[in-house]
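Engineer: Any chance you can model this:
(one chain, ligands or ions: 1)
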Amino acid sequence: MKETLGTTGLILDEPLLWEKGKKGRCGFSLPRRDVVASPLDTELTGDGPDFPDLSEVDVVRHYTRLSTWNFGIDTGMYPLGSCTMKYNPKINERQANLPGFAGAHPLAPPSLQQGALQLMSELEQYLAEITGMDAVTLQPAAGAHGELTGMQIIRSYHKSKGSSRSKIIVPDTAHGTNPASAALCGFHPLPVKSNEQGVLSLDAVVEVMDEDTAGIMVTNPNTLGLFEENIKKIAEAVHSKGGLVYGDGANMNAVMGIVRMGDIGIDLMHLNLHKTFSTPHGGGGPGSGPVCVKSHLEPFLPVPRVIKRKNQFLLSEDFPDSIGKMQAFYGNFGVMVRAYSYILSMGHKNLRKASRLSVLNANYVKEMLKGSLHLAYDRPCMHECVFSDRFQKEQKISTLEMAKRLMDYGFHPPTIYFPLVVHGAIMVEPTETESKEEIDLFIDALKSIVNEAKEAPELLRQAPKKCKAKKMDETAAARHPRLAG
Ligand SMILES: Cc1ncc(COP(=O)(O)O)c(C=O)c1O
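Structural biologist: Numbers count the residues shown, from 1 in each chain. Next up, the predicted model:
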């Protein structure tokens, strides 16, 4: 028996089912046979697979216990900055699981897909309305995939004007995928520093913007959780040199129903349906990164596009300037259903309220913790706030140790060491779906950890102690990595 077995009563070091099996146990009961026994085909008999004999309760407890080893948004607060891990209402899961949607076959003829195509067409319209754009593609499978789609659209746009620009401006507070997507598309990403307020200044952009620059990629709100307040003037400067403005709208959760990016100079942008619109972010599950464009970029959108002709929804490839196909079939349809259901169930007013609450909650966390943790930029934030471990330097306690200790308090740690512009960053995004009581528990936990850093720093150095997997030997892990085969 392993040491931890039975120590907490709940988080057991669960044995394999093979270790639990006892000859003669059985997890099913069949009605008494009412036909004459007949020998089995000899090819089917023999030793058979080595399955353990288990009772029903053995099996149910085994899998139920295993399920508690995962931390998920349904388990507790998951304040992962830059990831919007908010609670996703189950009603949206339910809609995506309706047999007509879940079983829809992408190769079925349009006459049998009218409902799915109508949903896609209407979702495109809702996203256009939310972003202030004119047309939308739902094809990209993730945010970064949307960025790549956007970069290709920018390339095609310049090509249609007879030019081939080589650079894209990317501020140092952009999400890391931005320069990667620009480079993947063959552009040279041009880094620009943000100012002492944590945002991009007009002067910094004007200085580098020239006629060989295809445009700028702006994450807004940026990865410091700050709104790029000079964006309108920056967009004018970029446009005046013939460039385009790409908006990374993955942080739309902060501004739904409040800011329409199309109204402040953005030419094209992506959204992360799997952050903002009711699909959990990460975990390797499917995502969706629709790209929304102004009318001058519509001809370049990927095909096929959903169109309506004579009251029928159709898929059309008849867009000669399109950048082509970005994804098998039309995108991750289940994520679209969740987003459609979320938008309809919330309505305009509640989408705006969700954003307001997400901003309120982040500012509450910022104000409550700023005396305990060093606040990187002491000014109102949007949906997330960024601290650092500067105050804990004296005790030689790092961001990583505080994050690990939070796990002992039952919280998923926030994002750490990102954004890179803040040394030892701790990035908290509480989201709108947490109550004040839950957020207060999180704040109290962090305050208590800050105290422990002063009074009992060993507790932090050994954390996590109460989790299924205890503190890792990071040196051994780095020197002798065991990579999955
Ligand atoms: C601001 C921002 N942009 C882009 C992305 C990339 O999105 P994805 O992980 O879906 O590729 C993220 C991911 O969280 C993000 O936070």
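Engineer: got a list of contacts for the host helix or strand of residue 451?
Structural biologist: Here residue 451 sits within helix 436-455, counting by DSSP states H and E. With Cβ atoms under 8 Å, 6 or more residues apart in numbering as the test, helix 436-455 has contacts from 77, 79, 361, 364-365, 368-369, 372-373, 391-392, 395, 397, 401-402, 405-406, 409-411, 430, 434, 459-460. Using the backbone N, CA and C atoms, a C-beta is placed for each residue, glycine as well.
Engineer: for stretch 391-404, same thing?
Structural biologist: In this structure, residues lying in contact with stretch 391-404 by Cβ under 8 Å, 6+ apart are 372-374, 388-389, 413-414, 416-417, 424-426, 446, 449-450, 453-454, 457, 460-461, 463-464, 471.
Engineer: next one: stretch 228-242
Structural biologist: The contact list for stretch 228-242, computed with Cβ under 8 Å, 6+ apart, reads 161, 163, 169, 199-202, 205-206, 209-211, 213, 215-216, 218, 220-222, 244-245, 264-266.
Engineer: what do you get for stretch 74-84?
Structural biologist: Against stretch 74-84 from outside (Cβ under 8 Å, 6+ apart): 71-72, 85, 87, 175, 223, 225, 250-251, 253, 272, 275-276, 281-282, 365, 383-384, 386, 410-415, 418-419, 427-431, 434, 438-439, 441-442.
Engineer: now those: which count as buried?
Structural biologist: When neighbours are counted using 16 or more other Cβ atoms under 10 Å, the contacts of stretch 74-84 contain these buried positions: 71, 85, 175, 223, 225, 250-251, 253, 272, 275-276, 281, 365, 383-384, 386, 411-415, 418-419, 427-431, 434, 438-439, 441-442.
Engineer: In helices, which of the residues you listed appear?
Structural biologist: 275, 276, 365, 438, 439, 441, 442 (DSSP state H).
Engineer: give the contact list for the second one.
Structural biologist: The one in question is residue 276. The neighbours of residue 276, taking Cβ under 8 Å, 6+ apart as the test, are 84, 250, 252, 253, 256.
Engineer: The first one now?
Structural biologist: Residue 275 is in contact with 83, 84, 143, 250, 251, 252, 253, 281, counting by Cβ under 8 Å, 6+ apart.
Engineer: Would you format those residues as a markdown table with distance to the ligand included?
Structural biologist: Formatted as a markdown table, these follow (distance: Cβ to the nearest ligand atom, whole Å):
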| residue | distance to the ligand |
| --- | --- |
| 83 | 5 |
| 84 | 7 |
| 143 | 2 |
| 250 | 3 |
| 251 | 5 |
| 252 | 10 |
| 253 | 10 |
| 281 | 6 |
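Engineer: With distance to residue 313 as added columns, please give the residues you listed in TSV.
Structural biologist: Output for the contacts of residue 275, formatted as TSV (distance: Cβ to Cβ, whole Å):
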residue	distance to residue 313
83	34
84	31
143	27
250	29
251	32
252	26
253	30
281	30
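Engineer: ok, the residues you listed vs residue 317, which is closest?
Structural biologist: residue 143 (25.6 Å; Cβ to Cβ).
Engineer: spatially speaking, which residue is in the middle of this protein?
Structural biologist: Taking Cα atoms, centre = their mean as the criterion, residue 281 is the residue nearest the geometric centre of the chain, at 3.2 Å.
Engineer: okay but it is in contact with residue 289, surely?
Structural biologist: No. Assessed by Cβ atoms under 8 Å, residue 281 is found out of contact with residue 289, at 11.3 Å.
Engineer: so what sits against both of these two?
Structural biologist: Joint contacts of residue 281 and residue 289 (Cβ under 8 Å, 6+ apart) are residue 272.
Engineer: Of the contacts of helix 436-455, select the buried ones using a PyMOL command.
Structural biologist: Buried residues among these (16+ other Cβ under 10 Å), as a PyMOL selection:
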select buried, resi 77+79+361+364+365+368+369+372+373+391+392+395+397+401+402+405+406+409+411+430+434+460
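Engineer: thinking again about what came up before, keep only those of the contacts of stretch 391-404 that are in strands.
Structural biologist: Counted as lying in strands by DSSP state E, out of the contacts of stretch 391-404, are 374, 388, 416, 425, 426.
Engineer: For the ligand, see how far away the second one is.
Structural biologist: Residue 388 sits at a distance of 19 Å from the ligand (criterion: Cβ to the nearest ligand atom, to the nearest Å).
Engineer: Just to check, that residue is in contact with residue 373?
Structural biologist: Yes. Counting by Cβ under 8 Å, residue 388 does reach residue 373; the two are 7.2 Å apart.
Engineer: any residues in contact with both of these two?
Structural biologist: Contacts common to residue 388 and residue 373, judged by Cβ under 8 Å, 6+ apart, are residue 426.
Engineer: Could you report the separation of residue 404 from residue 447?
Structural biologist: According to Cβ to Cβ, to the nearest Å, residue 404 and residue 447 sit 17 Å apart.
Engineer: higher neighbour count, these two?
Structural biologist: Between residue 404 and residue 447, residue 404 has the larger neighbour count (other Cβ atoms under 10 Å), namely 23 against 15.
Engineer: Over the one helix or strand that one maps to, what's the mean pLDDT, rounded is fine.
Structural biologist: Assigned by DSSP H and E, residue 404 belongs to helix 399-408. The average pLDDT within helix 399-408 is 96.
Engineer: and what of stretch 345-358?
Structural biologist: Mean per-residue pLDDT for stretch 345-358: 98.
Engineer: list the contacts for residue 335?
Structural biologist: When the contact criterion is Cβ under 8 Å, 6+ apart, the partners of residue 335 are 96, 273, 274, 279, 286, 287, 288.
Engineer: Test my guess that the fourth one contacts residue 285.
Structural biologist: Yes. The pair residue 279 and residue 285 passes the contact test of Cβ under 8 Å, sitting 7.4 Å apart.
Engineer: So those two - more neighbours on which side?
Structural biologist: The neighbour comparison of residue 279 against residue 285 (other Cβ under 10 Å) goes to residue 279, with 25 against 12.
Engineer: quick one on the thing from earlier: could you tell me which of the contacts of stretch 228-242 belong to helices?
Structural biologist: Mapping the contacts of stretch 228-242 onto helices (DSSP H) picks out 202, 205, 206.
Engineer: Nice, that's everything, thank you.
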